[in-house]
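[1] Pasting a predicted model and its sequence here:
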Amino acid sequence: MSLQSHPGFTLWPWLTLFLVLRVYVGVAYAQVEGSCKDAGHPTCCTGTSCQGTSDNLTACFCDRDCYKCDNCCEDINETCPQEPCVASGYLSCCVEDNCKTSAGCYCDKLCYRFQDCCYDINTISCPEGTVGGDTYLLFANQYAIRRINLDGSSLKTVVTGEDEAAIFGMDYNYRMDPAMIYWSDTASNSVMKASLNGSQVSIVKSRGLGRVVG
């Protein structure tokens, strides 16, 4: 006796279940399967037909928009890697202390000066502009931090110590906007910072350092 002739047996519920399972498995599998190279997209697709090859119900794509739509083909990182600035979350100029991406390039305005911008810097809101000022030499003599032009002119005092012979261990971060200088103040046993024009003087760290000497 066949199942079809068995009293009470109907075939349609089993066919329905099979079709549902088939569609579900196909969609889930298609999210990770597909190729840009096989579809003839060895680099980022910029045309109107950017679909990759796939034998499943869900199509994958080979353009940069696929990152936003979450439908990239599985070999997208080989053919069209995501832009460093965008991948790092920068939609405008980076203003953090460290604007270096995992790709080794930068996403701040200073990158134009140092020629180390990420290649997608022009796709975010970070146009080239004037940052900083003249080039000069920065030095400390324990009593003050001073700056002088490279031709020896215009000697200026940036900051002075709270006590005599109190400034040691000077450093700076030129990639900030504005650029900042740091030093050890032996009078207060603190690490201090200020902008290059002497403003924004503040304490970075003062507790738990012991005796600060450099």
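    Yep, it's here.

[2] where in this protein is pLDDT low?
    Applying pLDDT under 70 to the chain picks out residues 1-32, 97, 130-134, 162-165, 175-177, 208, 210-214.

[3] Just give me the residue right at the centre of it.
    In the chain, the centroid-proximal residue (CA atoms, centre = their mean) is S88; its distance is 2.8 Å.

[4] Quick check: the gap between it and Q115.
    Remark: distance between S88 and Q115 (CB to CB, to the nearest Å) = 19 Å. Using the backbone N, CA and C atoms, a C-beta is placed for each residue, glycine as well.

[5] List the contacts of stretch 195-212.
    138, 147, 157-159, 168-169, 172, 178-182, 184-186, 188-194 (CB atoms under 8 Å, 6 or more residues apart in numbering).

[6] typo on my end, it should be stretch 36-44
    With CB under 8 Å, 6+ apart as the test, stretch 36-44 has contacts from 45, 50-53, 60, 62-64, 73, 75-76, 78-80.

[7] Of those, keep whichever come out buried.
    When these are checked for burial by 16 or more other CB atoms under 10 Å, the buried set is 45, 50-53, 60, 62-64, 73, 75-76, 79-80.

[8] Inside helices: which ones of those?
    Counting by DSSP state H, the buried ones among the contacts of stretch 36-44 place 76, 79 in helices.

[9] from the contacts of stretch 36-44, which two are the most distant?
    Farthest pair in the contacts of stretch 36-44 (CB to CB) is T53 and R64. Separation: 18.8 Å.

[10] thinking again about what came up before, nearest to E33, out of the contacts of stretch 36-44: which one, please.
    Distances from E33 to those, taken by CB to CB, are shortest for C60, at 7.4 Å.

[11] Who are the contact partners of the closest one?
    Contact partners of C60, counting by CB under 8 Å, 6+ apart, are 30, 33-34, 36, 51-52, 54, 66, 71-74.

[12] Just put those residues in JSON lines and tack on distance to T101.
    Shown next, in JSON lines, are the contacts of C60 (distance: CB to CB, whole Å):
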{"residue": "A30", "distance to T101": "31"}
{"residue": "E33", "distance to T101": "29"}
{"residue": "G34", "distance to T101": "27"}
{"residue": "C36", "distance to T101": "23"}
{"residue": "Q51", "distance to T101": "29"}
{"residue": "G52", "distance to T101": "26"}
{"residue": "S54", "distance to T101": "31"}
{"residue": "C66", "distance to T101": "20"}
{"residue": "N71", "distance to T101": "24"}
{"residue": "C72", "distance to T101": "20"}
{"residue": "C73", "distance to T101": "24"}
{"residue": "E74", "distance to T101": "24"}
